[in-house]
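Asker: Quick one: sequence and predicted model below, then my questions.
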Amino acid sequence: MMPLLPRSRLRREPPPIPRRPYRDAAIAYGVMAAVLVVVAWLTGGDVGRAVLVAVAFFTVATAWSWWRLRERIKGRALRAAAAAGRLQREEE
């Protein structure tokens, strides 16, 4: 069976990196952690336990996100440097 699109069309460029990716990630996970605490409070759950879970969630999720962002930025820089090196070699 033949693929519907050629392989070159299947590979998409990763989405652009936002202007402030670290801040955006921290805000997003902070809001999610706050929602977790509010839901626990509204449903009559243990708010103290919810705060502990929310802090743990925020810490782990933000750390993971920042690590992935750093790796992504580093990878783009390496690919750009490799492309620049290829261009220089072709010009010589």
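Answerer: Received the coordinates, thanks.
Asker: only C-alpha atoms for contact and neighbour calcs from this point on.
Answerer: OK.
Asker: Can you spell out which helices and strands pack onto the helix or strand encompassing Asp24?
Answerer: Assigned by DSSP states H and E, Asp24 belongs to helix 21-42. Packing partners of helix 21-42 (3 or more C-alpha pairs under 8 Å, 6 or more residues apart in numbering; DSSP states H and E): helix 47-91.
Asker: Give me the helices and strands touching the helix it packs on, please.
Answerer: Secondary-structure packing of helix 47-91 (3+ C-alpha pairs under 8 Å, 6+ apart): helix 21-42.
Asker: Buried ones in the helix it packs on, by neighbour count?
Answerer: Burial within helix 21-42, assessed by neighbour count using 16 or more other C-alpha atoms under 10 Å, is assigned to 22, 25-26, 29-30, 33-34, 36-38, 40.
Asker: Helix, strand, or coil at Gly45?
Answerer: Classification of Gly45 using DSSP: H, G, I helix; E, B strand; the rest coil returns coil.
Asker: so how far is Pro14 from it?
Answerer: Between Gly45 and Pro14 the computed distance is 40 Å (C-alpha to C-alpha, to the nearest Å).
Asker: do Thr59 as well
Answerer: Thr59 sits 25 Å away from Pro14, going by C-alpha to C-alpha.
Asker: Tell me the confidence at Ala80?
Answerer: pLDDT, Ala80: 82.
Asker: Give me the residues contacting stretch 63-72.
Answerer: 21-22, 25 (C-alpha atoms under 8 Å, 6 or more residues apart in numbering).
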